[in-house]
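1. sequence plus predicted model, see below.
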Amino acid sequence: MATTTKIQPRALVRASGGPRYAVALAVDALGTGLLRPFLLLYGVTVLRLSASATGIAMTVGVVVGLACMPAVGRWLDRGARSTVVAASMLVRVLGVALLLATPAGHVWLFATAALFLGIGNQAWPAAHAALVATVAHGRERDAALAAGRSLRNAGLGAGALLATACLAGGTTALQALAAVTGLAYLAAAALAWSVHLHTHPAAAPVKDRADGPAPRMRALLAANVVYVFCLNVPEIALPLVLVTQLHASPVWSAAIFVANTVLVVTLQVPVTVLLSRLSRRTVLALAGVVLAASYLGFLAATSLGHGWSAPAVATVSVVCTIGEIIYAGSAPALVTALAPAHVLGRALARFQLSTGFGLAVSPAVITTLASHGSAALWGSLAAATLLSATAVAIEKDQGTRLSGCCRRARAGW
C-alpha cells in the first residue's frame, strides 16, 4: 500500500483547495470561535431569556438543522462544490443578522437564528469534505482533510480566546462579537465562492469513477454516533466529573480543553500521515480501542484519592485526545474512499447526519450516565465504543472503491 511519507506545506495547501480556500476556512473558523461558545450567554444576558429556554432553542436549531442534509447531499451530487461551502457560510450570516435583530425576550426569533446557524454548521463539513475529495486523491486527500480540521481548530481556539478577552465589555461586547462573526462569515463565503470549483461525476477520469450504488455503511454510520461522543468529552463529561464529582478547581477543566485544542492543531496532520501505512478501516477501529482505553483510564483516575484524581484525569485526557485525532483523521477519509463519485455527496450527508445526531444526544446521555456514578458513565462509554470498533472492523465494504483508491495513492508529496 502506498503511503504519504512526508508533508510539503505547499502541496498540502493545494490539496486542501488552494490558498484562497485556506484563508476562507481560517476566517470562517475565527468568526465561529468568536460567537459559538458564547451563544448561550448571548441568549441569557443580551436577550434576557432563561437558561433552559436558550438551551432548548439551541438544541432544536441543531437537530432541525440536520434536516437540510439530504438536500445538501443531492446538491453536491449534481457537481456543486465551492458554491455549497459558500452557501453554508452565507446561511450563518442570516442567522447572525437575525440574532442581532432579535428583541429581548423573543425566544422564537432566537430559535430561528439558532436554526440558520445550525443549518450552516451541519452543511459545512459535508461540503468541505466533498470539495477536498474533488481536488485531492488517495492519501493526499486524507492529509488534506486532516489539515482542514487542524486549521479549523486553530481558528476556533483563537476566536474563543479573543472573545473571552472581550467579555468584560458585557452585553455590548457580545453584540459586537456577533456582528464581527457575521462579517467574518460573509468574507469567508466570498472567498470560498471565488474558488469556483465545480465537478460532474460523469466527467471524472475513468480510473476515479465507480458506477455502483451508494455504500450502505450501516455499521460505520451507527458506530460513528458512538465515536462522536469523544468530541464532547473535554467540553461536557470531564468538566462535569471534575467539578461536581471530584470537587476540583474549574482550572483543571480549562487546562484540559486548551491542551485538547493544542494537541489537535499540532498532531492531526502528523498522526494521520503516520497511520496512512494502515487501511482506513483498521485505523478507525484502532481509534475506538484507544478511546475505550481512555474511558477506562478515566474510571480508574476518578477512583484515586483526593488530590490525585484531577491530575490523573488530565493525564488520561491526552490519551482521549489521541483517540479523537485518530478518529477524525480516518472516519471522513473512509467515507470519501468508499463512496462512488456520483453519490459522494449523499454518502457524506448521511455521515454528517450520524455525526450531528451523536453530537445532539451526547450531552443528555453523558449527563444522565454521570448521575449514576463514574462506573456507569465511563464503563458504558467504553463498552459501547469497543462494540462500535468491532462493528467497524468486521463490516464488509460493498461496492467499495477503497482498495482501488489505496492502489492509486501517491507515494509521496
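-> Cool, the structure landed. Quantities reported herein were computed from a predicted structural model and do not represent experimental measurements. Numbering: from 1, shown residues only.

2. just for this structure, where's the confidence low?
-> Low-confidence segments of the chain (pLDDT under 70): 1-7, 201-214, 397-413.

3. quick one, what contacts Leu348?
-> Gly73, Leu76, Pro125, Ala126, Ala129, Ala130, Pro332, Val335, Thr336, Ala339 (C-beta atoms under 8 Å, 6 or more residues apart in numbering). (C-beta placed from N, C-alpha, C; glycine too.)

4. closest one to Val361 out of the residues you listed, please.
-> Distance to Val361, by C-beta to C-beta, is smallest for Pro125 among the contacts of Leu348, at 17.7 Å.

5. I'd say that closest one and Ser354 touch.
-> No: the criterion here is C-beta atoms under 8 Å, and Pro125 misses it with Ser354 at 11.5 Å.

6. quickly name whichever of the contacts of Leu348 is closest to Thr59.
-> Using C-beta to C-beta, the contacts of Leu348 come closest to Thr59 at Pro125, 18.7 Å.

7. any idea how far that closest one lies from Thr367?
-> The gap separating Pro125 from Thr367 is 25 Å, by C-beta to C-beta, to the nearest Å.

8. and for Phe229?
-> For Phe229 relative to Thr367 (C-beta to C-beta), the value is 12 Å.

9. mind checking which of these two has more residues around it?
-> Comparing Phe229 with Thr367 by other C-beta atoms under 10 Å, the one with more neighbours is Phe229, at 23 against 14.

10. and the more buried one, what does it touch?
-> Gly358, Ser362, Val365, Ile366, Leu381, Thr385.

11. isn't the fourth one right next to Asn232, touching?
-> Yes: proximity of Ile366 to Asn232 meets the contact threshold set by C-beta under 8 Å, at 6.5 Å.

12. pick out whichever of these two has more residues nearby.
-> Neighbours were counted for Ile366 and for Asn232 using other C-beta under 10 Å; Ile366 has more, 22 against 17.

13. what's the neighbour count on the closest residue in space to the more buried one that isn't next to it in sequence?
-> Once flanking residues are discounted, Ile366 sits nearest to Ala237: 4.9 Å by C-beta to C-beta, 6 or more residues apart in numbering. Using other C-beta under 10 Å, the number of residues around Ala237 comes to 25.

14. try the one 4 residues further on
-> Each residue near Val241 was counted by other C-beta under 10 Å, and the total is 24.

15. assign a three-state SS to it, would you?
-> What DSSP: H, G, I helix; E, B strand; the rest coil gives for Val241 is helix.

16. in the host helix or strand of Leu115, what's buried?
-> Using DSSP states H and E, Leu115 falls within helix 107-135. Residues 107, 109-135 are the ones in helix 107-135 that count as buried (16 or more other C-beta atoms under 10 Å).

17. after that helix, next one along is what?
-> helix 138-166.

18. and that next one with helix 107-135, angle?
-> Using axes from the mean of the first three to the mean of the last three C-alpha atoms, to 10 degrees, the inter-axis angle of helix 138-166 relative to helix 107-135 is 150 degrees.

19. now do helix 138-166: which elements does it pack against?
-> If contacts are counted by 3 or more C-beta pairs under 8 Å, 6 or more residues apart in numbering; DSSP states H and E, helix 138-166 sits against helix 9-15, helix 19-35, helix 107-135, helix 170-193, helix 250-274, helix 309-338, helix 402-408.

20. swap in 6 Å and give it another go.
-> Judged by 3 or more C-beta pairs under 6 Å, 6 or more residues apart in numbering; DSSP states H and E, helix 138-166 is in contact with helix 9-15, helix 19-35, helix 107-135, helix 250-274, helix 309-338.

21. so how far is the shortest one from its chain's centroid?
-> Chain-centre distance of helix 9-15: 21 Å, with C-alpha atoms, centre = their mean, to the nearest Å.

22. for that helix, which positions count as buried?
-> Buried residues in helix 9-15 (16+ other C-beta under 10 Å): Ala11, Leu12, Val13, Arg14, Ala15.

23. now it - C-alpha only, CSV.
-> Provided in CSV are the C-alpha atoms of helix 9-15 (Å, rounded to 0.1, in the frame of the first residue of the first chain):
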residue,chain,number,x,y,z
PRO,A,9,3.2,22.7,3.0
ARG,A,10,2.6,24.0,-0.5
ALA,A,11,1.3,20.6,-1.7
LEU,A,12,-0.9,20.4,1.4
VAL,A,13,-2.4,23.8,0.8
ARG,A,14,-3.0,22.9,-2.9
ALA,A,15,-4.6,19.6,-1.9
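
24. now do the contacts for the closest residue to Val283 other than its chain neighbours.
-> Counting by C-beta to C-beta, 6+ apart, the nearest residue to Val283 once its immediate chain neighbours are dropped is Ser330, at 4.1 Å. Going by C-beta atoms under 6 Å, 6 or more residues apart in numbering, Ser330 touches Arg280, Val283, Leu284.

25. same question, Trp252
-> Leu242, Ala310.

26. kindly report the same for the one 10 residues further on.
-> Listed by C-beta under 6 Å, 6+ apart, the contact set of Val262 is empty.

27. mind putting the contacts of Phe229 into CSV with distance to Pro19 and secondary structure?
-> Listed next are the contacts of Phe229 as CSV, based on distance: C-beta to C-beta, whole Å; DSSP: H, G, I helix; E, B strand; the rest coil:
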residue, distance to Pro19, secondary structure
Gly358, 33, helix
Ser362, 35, helix
Val365, 41, helix
Ile366, 39, helix
Leu381, 40, helix
Thr385, 38, helix
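
28. now render these as TSV, adding distance to Gly31.
-> Shown next, in TSV, are those (distance: C-beta to C-beta, whole Å):
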residue	distance to Gly31
Gly358	25
Ser362	25
Val365	30
Ile366	28
Leu381	32
Thr385	33
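
29. out of the residues you listed, which end up buried?
-> Gly358, Ser362, Val365, Ile366, Leu381, Thr385.

30. between those residues, which is closest to Val93?
-> Nearest to Val93, judged by C-beta to C-beta, of the buried ones among the contacts of Phe229 is Gly358 at 27.0 Å.

31. just say helix, strand or coil for the closest residue to that closest one other than its chain neighbours.
-> In this structure, Gly358 finds its nearest non-sequential neighbour in Val228, 3.6 Å apart by C-beta to C-beta, 6+ apart. Assigned by three-state DSSP, the conformation of Val228 is helix.
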